[in-house]
Each structure stands twice: as C-alpha cells, then as structure tokens.
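Chemist: Fold the stuff below for me.
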Amino acid sequence: CHPVLAKWKMLFGCSLAHPTVMFRKASFGGVENMYPEDEEAEDHCCWLNQPLDCEYGNVADVVCYIRRHGVSRSATKAAALKLSSHRGVLRFLQRHCNIEVLQIEDIAVL
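Modeler: Next up is the predicted model:
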C-alpha cells in the first residue's frame, strides 16, 4: 500500500497490524507521546501522531496471522477502542487541517 494511501486509510481505522510493525524508537526523535499508553487504541493513535513526512505502509505479502476470539481485548473493549480511535482522528484533523468545529460525533460518521 502506498504511504499516502496508508495515511488516508488511518482516518477510517487502524490499517497497520501492530504485532507486525518494526521500527526504531530513536528514528522518531522528539515525537512527544509517540505511543500514548493512556489511549485504548494506542497503536492507531501512535500512527496518527507521526509527522506528516513520516512514511509507513503495508507489504503485499501475508507475514502474520492474527487470531481473533471472543475474549480478546479487541472484542471485549470494542466500544472503548472505537471511541479512542475517533479521538485520535479528531486530534489529527484538528492539528493538520485546522478544523476546530468537528466533534467526536462527526468522526463517527466517517
């Protein structure tokens, strides 16, 4: 997936499976709260916090299978994860698009 498309897709959900991501934290130098532990959707918020010139993307090959089950964190905390993701998208749009009038409810429509 092209880096521009990867960023665009982040507005609608986390398009990077965090168990498959590798990076050097030092490479992100100076990014405050790069991995916000206080957010339920910390991975999605992390990617949205990256500078616009930071490129990331997905490879076409399947490198990992993620097991889904009814008692996983994704299943049991689905509502909190969705709200956390919406907050991350709202912060991104406010920061990069100077859109101050958006509310969480507007992001939910996306």
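Chemist: Tabulate the CA atom coordinates of the lengthiest helix in the chain in PDB.
Modeler: Looking across the chain with DSSP state H, the single longest helix is helix 78-97. What follows is helix 78-97, C-alpha atoms only, in PDB (Å, rounded to 0.1, in the frame of the first residue of the first chain):
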ATOM      1  CA  ALA A  78     -14.600  -2.800  21.200                       C
ATOM      2  CA  ALA A  79     -16.600   0.300  22.200                       C
ATOM      3  CA  ALA A  80     -13.700   1.900  24.100                       C
ATOM      4  CA  LEU A  81     -11.300   1.200  21.300                       C
ATOM      5  CA  LYS A  82     -13.600   2.800  18.700                       C
ATOM      6  CA  LEU A  83     -14.000   5.900  20.900                       C
ATOM      7  CA  SER A  84     -10.200   6.100  21.400                       C
ATOM      8  CA  SER A  85      -9.700   5.800  17.600                       C
ATOM      9  CA  HIS A  86     -12.200   8.500  17.000                       C
ATOM     10  CA  ARG A  87     -10.400  10.800  19.500                       C
ATOM     11  CA  GLY A  88      -7.100  10.200  17.700                       C
ATOM     12  CA  VAL A  89      -8.600  11.000  14.300                       C
ATOM     13  CA  LEU A  90     -10.200  14.200  15.700                       C
ATOM     14  CA  ARG A  91      -6.900  15.300  17.100                       C
ATOM     15  CA  PHE A  92      -5.200  14.600  13.700                       C
ATOM     16  CA  LEU A  93      -7.700  16.600  11.700                       C
ATOM     17  CA  GLN A  94      -7.600  19.500  14.100                       C
ATOM     18  CA  ARG A  95      -3.800  19.500  14.100                       C
ATOM     19  CA  HIS A  96      -3.300  19.200  10.300                       C
ATOM     20  CA  CYS A  97      -6.400  20.600   8.700                       C
END
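Chemist: If you drop the residues flanking it in sequence, what lies closest to the residue most central in space within the chain?
Modeler: Centroid check for the chain by CA atoms, centre = their mean gives His44 as the closest residue, at 1.8 Å. Among residues not flanking His44 along the chain, Cys14 sits closest, at 3.8 Å (CB to CB, 6 or more residues apart in numbering). C-beta coordinates here come from the backbone N, C-alpha and C atoms, glycine included.
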